[in-house]
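Asks: need coordinates for the following:
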Amino acid sequence: MGNANVAPSMTVGARLVQPVAPTRTASRSRLRTAAWAASAAFAVAALGIGWDLYARPPLVEVFSTPTRFSRRTEEFTVNVCGITSRAMKYARRRLRFRANQGAWRDIHQDYVSSHSRHFRIELPASALVAGDNQIEIEAEAIALRPQRLVLPFHYDPQPLRLPIRVAWERPDVEVEDGAWHSFDAGGERRVRPTPGHEGYDRILIVAGAFAGGRRVRTDVTFRHAVQGRPYGFGVIPMWGGRPDDVGVVPRRGWNLGLVWWWDRYEGFGAEFSYKRGPQSPGWVNSYRDLALEAGRRYRIVAEAWPVSDALGKHSHHVLRAKWWPDGTPEPSGWLQTSDTEGSPLPKGDYGVGLMAFWSQVEFGPILIEPIPGSG
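Replies: Purely as a prediction, here's the structure:
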């Protein structure tokens with residue numbers, strides 16, 4: 001009975017049947033489930049990325065592995081510098097080395113000049129033999145496979161003979177501290193701190209220890225300084241290593257005659273400085289104004305020599321320098337100082353090096369010449 005125009009399938013008694021809409025509670029539940037699934041997926045991905053960052057890099061990386069080291073004496077050591085992975089920083093680990101099958105020694109990474117993951121192995125001449133040597137490095141970190149490096153090299157203890165020319169043809173260089181490399185720049189070979197590793201006292205050894213006077217010629221181009229840091233760069237005509245107490249590693253001192261540009265004085269200077277271990281440094285210097293232009297090449301000539309008294313006994317050292325823009329005449333006058341005025345350096349044999357202090361710079365070829373009659 002009823003209205004024949006009403007479809008029977010649309011009525012139940014007198015009530016119209018409609019599709020049931022989802023409730024708010026059901027919608028929120030599905031949203032929470034979706035959010036939980038997304039969070040879980042993100043956590044798994046993040047865990048995978050974190051593990052990849054932890055596990056994939058090598059535990060230890062050596063910056064430079066030269067096949068030859070020149071003569072060292074006393075506190076002037078053969079150094080191997082590198083960096084450890086994050087796994088070595090944040091996990092229970094062991095890092096050690098030995099030289100020539102000797103006793104294993106821990107590698108410490110707590111020196112002020114080093115980034116917390118950087119390290120510096122120091123070998124005195126007494127730990128080396130003439131000819132073939134090797135350093136072994138072992139690194140371990142929890143849940144990872146141990147790593148072992150073997151670094152063979154040739155050590156030549158013979159005194160160097162001048163002149164010495166270094167044109168940076170080889171990519172490996174003798175690093176005292178930090179990371180350095182040689183590279184091609186417009187058809188000429190140059191050397192610089194590895195970009196990204198600028199820091200405190202980045203030192204490169206140009207020549208090992210030898211006696212007497214020396215004249216050092218090179219050129220340098222300043223690129224940039226590390227923001228917020230004091231900075232400088234230049235030549236070390238006299239590098240005597242790092243004086244410190246026996247058994248302290250890494251060594252904390254320095255013994256040098258330095259010619260460099262320093263932002264404290266906005267000029268270049270000649271400076272002697274000696275520091276033993278944690279003691280305050282002694283120093284004496286002389287500076288001259290020099291406006292510095294980034295990207296411009298400058299020429300440097302530095303001379304250093306020992307002076308003896310009338311009886312032939314060592315008296316003092318003299319250091320002098322010229323620093324001028326490339327393409328302009330070489331100055332006739334010298335900037336000069338001696339170590340008698342504040343920081344006498346010990347008599348002995350010294351090497352030659354380069355310095356970059358919180359700065360990125362590029363050095364050209366080096367010529368080291370004798371100074372006749374300089375002892």
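Asks: and residue 188, how many residues sit next to it?
Replies: The criterion is other Cβ atoms under 10 Å. On that basis, residue 188 has 11 neighbouring residues. For glycine as for every other residue, the C-beta is placed from the backbone atoms N, C-alpha and C.
Asks: excluding chain neighbours, what is closest to it?
Replies: Of all residues beyond its chain neighbours, the one nearest residue 188 is residue 364 (7.0 Å), with distances taken as Cβ to Cβ, 6 or more residues apart in numbering.
Asks: show the contacting residues for the one you found.
Replies: Residue 364 makes contacts with 188, 190, 218-220, 297, as judged by Cβ atoms under 8 Å, 6 or more residues apart in numbering.
Asks: which of the residues you listed has the most neighbours?
Replies: Counting by other Cβ under 10 Å, top hit in these: residue 220 with 24 neighbours.
Asks: and whichever helix or strand it is part of, what's buried?
Replies: If you go by DSSP states H and E, residue 220 is part of strand 214-225. Buried residues in strand 214-225, defined by neighbour count with 16 or more other Cβ atoms under 10 Å: 214-218, 220-222, 225.
Asks: hang on, the earlier thing: can you put the contacts of residue 364 in JSON lines and add distance to residue 161 and pLDDT?
Replies: Output for the contacts of residue 364, formatted as JSON lines (distance: Cβ to Cβ, whole Å; pLDDT from 0 to 100):
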{"residue": "188", "distance to residue 161": "26", "pLDDT": "94"}
{"residue": "190", "distance to residue 161": "25", "pLDDT": "98"}
{"residue": "218", "distance to residue 161": "19", "pLDDT": "98"}
{"residue": "219", "distance to residue 161": "24", "pLDDT": "98"}
{"residue": "220", "distance to residue 161": "26", "pLDDT": "98"}
{"residue": "297", "distance to residue 161": "29", "pLDDT": "98"}
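Asks: and the end-to-end length of stretch 202-219?
Replies: The straight-line separation of the ends of stretch 202-219 (Cα to Cα, to the nearest Å) is 18 Å.
Asks: could you do stretch 223-236 as well?
Replies: Between the opening and closing residues of stretch 223-236 we find a distance of 20 Å, counting by Cα to Cα.
Asks: residues of that stretch that come out buried?
Replies: By neighbour count, with 16+ other Cβ under 10 Å as the criterion, the buried positions of stretch 223-236 are 225, 231-236.
Asks: now, the residues you listed that are in strands?
Replies: Under the assignment DSSP state E, the buried residues of stretch 223-236 contribute 225, 232-236 to strands.
Asks: got those residues as CSV, with pLDDT and distance to residue 347 columns?
Replies: Listed next are these as CSV, based on pLDDT from 0 to 100; distance: Cβ to Cβ, whole Å:
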residue, pLDDT, distance to residue 347
225, 98, 36
232, 98, 27
233, 98, 28
234, 98, 24
235, 98, 21
236, 98, 18
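Asks: if anything else comes up later, I'll come back, but that's it for now.
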